[in-house]
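1. Pasted the sequence and its predicted model underneath.
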Amino acid sequence: ATSEDSGGPGEAATTYEDIGGLDEELDLVREMIELPLSEPELFTRLGIDPPKGVLLHGPPGTGKTLIARAVANEVDAYFDTISGPEIVSKYKGESEERLRQAFEKASREAPAILFIDEIDSIAGARDEDADMENRVVAQLLTLLDGLEATDEVIVIGATNRVDDIDDAIRRGGRFDREIEIGVPDVSGREEILAVHTRDMPLADDIELATIADRTHGFVGADIASLCREAGMAALRRGGHDAAELTVTYADFETAMTGVEPSGMREYVAEQ
Ligand code: ATP
């Protein structure tokens, strides 16, 4: 269930530059995580407990994982991901043990950030197999409660369904802050477009503000695929010298016919 994600070979490490929009959200996360991991002695001196965890919630593809990775990289912390669904299904029977091992490893490698993706599937209230669920929730609570300031381990939980999460997990200083990572507005979309076209040779007819205007409902993941598709459309036009190849507004228009905002897809599916 756990994987070391400190950016494998050839995979550039995620930085704050890779996050479009979300300025306030990122500031809140940084405040909770950077100081406790880099200068825990400040908290000891002041006699206050440093934060142990942050819960990020919001629709899929809005940048929750991105934020967690970027913070870990920027503070040079060990980073490990636990996938909620994997813990409860793939490792059925050894879920608690897997969780415990992940926390232990994080403490050994501290300073560390432990990212629990789709934490609702571990810590949500469900009826089938309630016994197992309850044991896993109990284990998670024990592990969260057992984190000491000196461990220099911070847990970032992520969920699309914050209301499904067991109250016990949200209570009592387990996650010191809940931060909503929402669907970006038009200026957020423009900033995300800027991130994903950073390395693209854009034709002069492209104004990111115009594309941002036309992509209502797109989340970061949608904008990333839109930019990729626009690049592919430019390739397909072909007939160019690599040195002269640019991505035009028409390429983005072509891409827009194929990429739908994920919010809309869900909306349609629910009809
Ligand atoms: P999920 O709930 O599905 O795990 P998530 O919120 O964790 O979603 P990410 O994995 O962070 O979403 O985003 C997926 C991809 O979408 C990122 O790797 C990135 O390419 C792009 N992306 C999402 N949000 C942003 C953003 N705010 N700025 C730039 N790129 C983004």
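-> That came through, no problem. As the structure is a computational prediction, the values presented were derived from the model and not from experiment. Numbering: from 1, shown residues only.
2. anything in stretch 140-157 near the ligand?
-> No - on the criterion Cβ under 6 Å from any ligand atom, stretch 140-157 is out of touch with the ligand, staying 10.4 Å away. (Glycine included, C-beta is placed from N, CA and C.)
3. Straight-line length of that stretch, end to end?
-> Distance between the two ends of stretch 140-157: 11 Å, counting by Cα to Cα, to the nearest Å.
4. in that stretch, what's buried?
-> 140-141, 143-144, 147, 149, 151-157 (16 or more other Cβ atoms under 10 Å).
5. do the same with stretch 251-267
-> So stretch 251-267, judged by 16+ other Cβ under 10 Å, has buried residues 251-252, 254-256, 259, 261-263.
6. That stretch - what's its average pLDDT?
-> Average pLDDT, stretch 251-267: 79.
7. List of residues touching it?
-> Contacts with stretch 251-267, where a contact means Cβ atoms under 8 Å, 6 or more residues apart in numbering, come from 59-61, 183, 206, 211, 214-219, 221-222, 225-227, 229-234, 237.
8. ok, and which of these reach the ligand?
-> Answer for the contacts of stretch 251-267 near the ligand (Cβ under 6 Å from any ligand atom): 60-61, 221.
9. Compare these and tell me which is most surrounded.
-> With neighbours taken as other Cβ atoms under 10 Å, the top of these is Gly61, carrying 22 neighbours.
10. isn't it right up against Ile223?
-> No - using Cβ atoms under 8 Å, Gly61 is not in contact with Ile223; the gap is 9.1 Å.
11. Distance check, the residue of the stretch 101-250 of the chain found nearest the ligand against Arg98.
-> Closest to the ligand within the stretch 101-250 of the chain is Gly220: 2.0 Å, counting by Cβ to the nearest ligand atom. Counting by Cβ to Cβ, to the nearest Å, the separation of Gly220 from Arg98 is 29 Å.
12. Which one's more surrounded, the two?
-> When neighbours are counted by other Cβ under 10 Å, Gly220 comes out ahead of the other of Gly220 and Arg98, with 28 against 20.
13. where does the protein come near the ligand, residue by residue?
-> 19-22, 60-66, 117, 158, 160, 192, 195, 220-221, 224.
14. From the residues you listed, list just the buried residues.
-> Buried among the residues of the chain next to the ligand by 16+ other Cβ under 10 Å: 19-22, 61-66, 117, 158, 192, 195, 220-221, 224.
15. and the helix or strand in which Ala221 is found, average pLDDT?
-> Per DSSP states H and E, Ala221 falls inside helix 220-237. Throughout helix 220-237, pLDDT has a mean value of 95.
16. could I get it in PDB with only the CA atoms?
-> Output of helix 220-237 as PDB, limited to C-alpha atoms (Å, rounded to 0.1, in the frame of the first residue of the first chain):
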ATOM      1  CA  GLY A 220      -6.400  21.200 -12.800                       C
ATOM      2  CA  ALA A 221      -6.400  17.600 -14.100                       C
ATOM      3  CA  ASP A 222      -8.700  18.600 -16.900                       C
ATOM      4  CA  ILE A 223      -6.600  21.600 -17.800                       C
ATOM      5  CA  ALA A 224      -3.500  19.300 -17.800                       C
ATOM      6  CA  SER A 225      -5.200  17.000 -20.300                       C
ATOM      7  CA  LEU A 226      -6.400  20.000 -22.400                       C
ATOM      8  CA  CYS A 227      -2.900  21.200 -22.800                       C
ATOM      9  CA  ARG A 228      -1.600  17.800 -23.600                       C
ATOM     10  CA  GLU A 229      -4.300  17.400 -26.300                       C
ATOM     11  CA  ALA A 230      -3.500  20.800 -27.700                       C
ATOM     12  CA  GLY A 231       0.100  19.700 -28.100                       C
ATOM     13  CA  MET A 232      -1.000  16.500 -29.800                       C
ATOM     14  CA  ALA A 233      -3.200  18.500 -32.100                       C
ATOM     15  CA  ALA A 234      -0.200  20.600 -33.100                       C
ATOM     16  CA  LEU A 235       1.800  17.400 -33.700                       C
ATOM     17  CA  ARG A 236      -1.000  16.000 -35.900                       C
ATOM     18  CA  ARG A 237      -1.000  19.100 -38.100                       C
END
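17. Perfect, I'm done here.
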